[in-house]
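Visitor: my questions are about this predicted structure, shown below with the sequence.
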Amino acid sequence: MSKRREMRRLGFVVMVSLLARLSSASAGTVGVLADTVYDGMNSPEVIAAQNLGHTVELISAADWMAKTTADFEAYDALILGDPDCQSDTSAVAAAEANAAVWAAAVDGNVIVIGADPTYHQIRSLSGAQTLIDDGVAFALADEGTGAYITLSCYYYAAGAGTPVDFLAGFGSFVVAGGSTTSPLNTVHIVASHPTLDSHTDADLSNWLLSVHENFETWPEVWPSQFEVFAIGEHSAGPYTSVTEPWAIHIFSLAV
């Protein structure tokens, strides 16, 4: 077992006590890249952060690109949400332009979602609401600056081996668009964390298209080690290995 994986397992244990301690701490500000959320301050991601007691700042693309790493470090978490299943990457152009700058500020919990939860939430899918609420809570569950990130539908039509350039500050993320596989609607959770344990397979399955991006590779080496939270099961047979290219939700714990 690697030193990093030993630290990861310790992180699960430590997080339980941290959650209790941080719940009484004064909540700060969450920074949201405005182009990546639907309906601005009424977006489900913003409301999820506010419900946890945080102030939310919508950051324009111009202001995002002008910020320094120190500026981003002032936020409790950064949110790059789902602008209602947008099919091109213009919403994350600012995040791509300074990928190394904002990612360097993130030293808390990170969740990256290869799907479009807001699209389904505003169409009254309860499982999508659960994913948004718990995903934002996960990003805010540790000290430092966390991040809640969705890939929306940006790469749905992308071929295999497509890099996710706006996440390059964390390392190499490579995806295959959901259109390159048969529809992946059966989702299986393969990990656990206190803020995500209300999820069930049923919550994440049967979204008509539960998977829009299949993660083929992701950073697995310190300091940006991400692990798989849930996988899509292919119609040709269930993929139960987290090393298969069907991971749709991945996360990283601060240690």
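Guide: Perfect, thanks for sending it.

Visitor: let me see the ranges of the strands in the stretch 101-250 of the chain.
Guide: Secondary structure of the stretch 101-250 of the chain (DSSP state E, counting those that start in this stretch): strands at 110-113, 146-150, 162-163, 174-177, 186-189, 213-217, 227-233, 247-252.

Visitor: which one of those lies closest to Ala70?
Guide: Ala70 lies closest to strand 146-150 among the strands of the stretch 101-250 of the chain, at 16.5 Å (Cβ to Cβ). No exception for glycine: its C-beta is placed from N, CA and C like everyone else's.

Visitor: where does pLDDT dip in this protein?
Guide: 1-26, 234-249, 253-255 (pLDDT under 70).

Visitor: for Gln86, which of the strands of the stretch 101-250 of the chain is the nearest?
Guide: When these are compared by Cβ to Cβ, strand 146-150 sits nearest Gln86, at 10.2 Å.

Visitor: distance from that closest one to the middle of the chain?
Guide: Relative to its parent chain, strand 146-150 has a centroid offset of 4 Å by Cα atoms, centre = their mean, to the nearest Å.

Visitor: and Asp39, how far is that from Glu45?
Guide: For Asp39, the distance to Glu45 (Cβ to Cβ, to the nearest Å) stands at 10 Å.

Visitor: those two: who's more crowded?
Guide: Glu45 (27 against 13; other Cβ atoms under 10 Å).

Visitor: run through the helices of the chain in chain order.
Guide: 3-22, 44-51, 61-66, 69-73, 93-97, 99-103, 117-121, 126-139, 201-204 (DSSP state H).

Visitor: look up how far Thr217 lies from His199.
Guide: 24 Å.

Visitor: compare those two (neighbour count), which wins?
Guide: Neighbour count, other Cβ under 10 Å: between His199 and Thr217, His199 has more, with 21 against 15.

Visitor: which residue sits closest to Val30 in space, ignoring its chain neighbours?
Guide: Ranked by Cβ to Cβ, 6 or more residues apart in numbering and with sequence neighbours excluded, the top spatial neighbour of Val30 is Ala49, at 4.3 Å.

Visitor: sorry, back to before: would you turn the helices of the chain into a markdown table with distance to Tyr156?
Guide: Output for those, formatted as a markdown table (distance: least, Cβ to Cβ, whole Å):
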| stretch | distance to Tyr156 |
| --- | --- |
| helix 3-22 | 30 |
| helix 44-51 | 20 |
| helix 61-66 | 22 |
| helix 69-73 | 28 |
| helix 93-97 | 18 |
| helix 99-103 | 21 |
| helix 117-121 | 11 |
| helix 126-139 | 16 |
| helix 201-204 | 17 |
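
Visitor: do you know which of the ones you listed lies nearest Pro194?
Guide: Judging those by Cβ to Cβ, what sits closest to Pro194 is helix 3-22, at 5.6 Å.

Visitor: partner residues bridging the residue nearest to Val32 when sequence neighbours are not counted?
Guide: Computed as Cβ to Cβ, 6+ apart, the closest residue to Val32 that is not its neighbour in sequence is Ile79, at 4.4 Å. Assessed by DSSP bridges, Ile79 has beta-bridge partners Val32, Tyr148.

Visitor: the residue nearest to Val30: how many residues sit nearby?
Guide: When neighbours are counted by other Cβ under 10 Å, Ala49 comes out with 27.

Visitor: distance of it relative to Gln121?
Guide: Taking Cβ to Cβ, one finds Ala49 at 14 Å from Gln121.

Visitor: cool, Val92 as well?
Guide: Val92 sits 19 Å away from Gln121, going by Cβ to Cβ.
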